[in-house]
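**Q** from the sequence below, what's the structure:
(one chain, ligands or ions: 1)
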Amino acid sequence: MITIRTARAADEAALAEIDRRTWTSTVSPAPPPPPGTPFFGDGARPGNFLVAEHEGVVAGYVHLTAGFDIDAHRHVLVIGGLAVDPDRQRLGIGRQLVAAAVAVARKRGARKLTLRVLGHNTAARRIYEQCGFVVEGVLRGEFRIDGVDVDDVLMARSLA
Ligand SMILES: CC(C)(COP(=O)(O)OP(=O)(O)OC[C@H]1O[C@@H](n2cnc3c(N)ncnc32)[C@H](O)[C@@H]1OP(=O)(O)O)[C@@H](O)C(=O)NCCC(=O)NCCS
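**A** Reported below is the predicted structural model:
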């Protein structure tokens, strides 16, 4: 069974380990954080993460962040991270996490949910599409990863 809940400080180690195991050049243009880097921090409070449990074990997370800190952007929330334990992928956990993030963003009064995904991250792009996100822009060749120019794809979903 898959359940989704708000993260708690005690999830730190499990989520850091999922990040460590899923962090590749398909997922992020940035290098992985050095070992020992705290998972939660000032810009990453537990209350802004949703955690999926599968059979009672922490299996993945989605991170909801604010947009720019100006009044003109208060109606927008951002999916700033999504990852599922490689041993528990293709069970629908990622899709349930994104669907839950959509519901929470709406509950918080957001009217739009946005995200950025690398052009070659087919798995994540499929999930976002299945959850109603559309491509609103493409920064062509924005990143040079492993010797290849990779697009940065901007996706969004209206919550109105
Ligand atoms: C992307 C990710 C979160 C998907 O999690 P998941 O729990 O395996 O996804 P789901 O089981 O909910 O899959 C939903 C759909 O996405 C698509 N999908 C998922 N993984 C896929 C893959 N490896 N290849 C192609 N399509 C895939 C499929 O359409 C799938 O539906 P289906 O299984 O009915 O065919 C997971 O692969 C992951 O953690 N990747 C590394 C981190 C990452 O890329 N994060 C996104 C950053 S923007």
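**Q** tell me, how many residues neighbour the residue in the chain that the ligand sits nearest to?
**A** The chain approaches the ligand most closely through G94 (2.6 Å), counting by CB to the nearest ligand atom. Heads up, the C-betas are built off the backbone N, CA and C, glycines and all. By other CB atoms under 10 Å, 25 other residues sit near G94.
**Q** next, it: phi, psi?
**A** phi -60, psi -40 (degrees, to the nearest 10).
**Q** surely it meets G60?
**A** Yes - between G94 and G60 there is a contact under CB atoms under 8 Å: 6.6 Å.
**Q** what do these two both touch?
**A** Common contacts of G94 and G60, defined by CB atoms under 8 Å, 6 or more residues apart in numbering, comprise L82, V84.
**Q** for D87, list the residues it contacts.
**A** With CB under 8 Å, 6+ apart as the criterion, no residue contacts D87.
**Q** in this structure, which spans are strands?
**A** 2-6, 49-54, 57-66, 76-84, 112-118, 134-145, 148-158 (DSSP state E).
**Q** any chance of those in a markdown table, plus mean pLDDT and distance to the ligand?
**A** Putting those into a markdown table (pLDDT from 0 to 100; distance: least, CB to the nearest ligand atom, whole Å) gives the following:
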| stretch | mean pLDDT | distance to the ligand |
| --- | --- | --- |
| strand 2-6 | 98 | 9 |
| strand 49-54 | 98 | 8 |
| strand 57-66 | 98 | 6 |
| strand 76-84 | 98 | 4 |
| strand 112-118 | 98 | 4 |
| strand 134-145 | 98 | 13 |
| strand 148-158 | 98 | 9 |
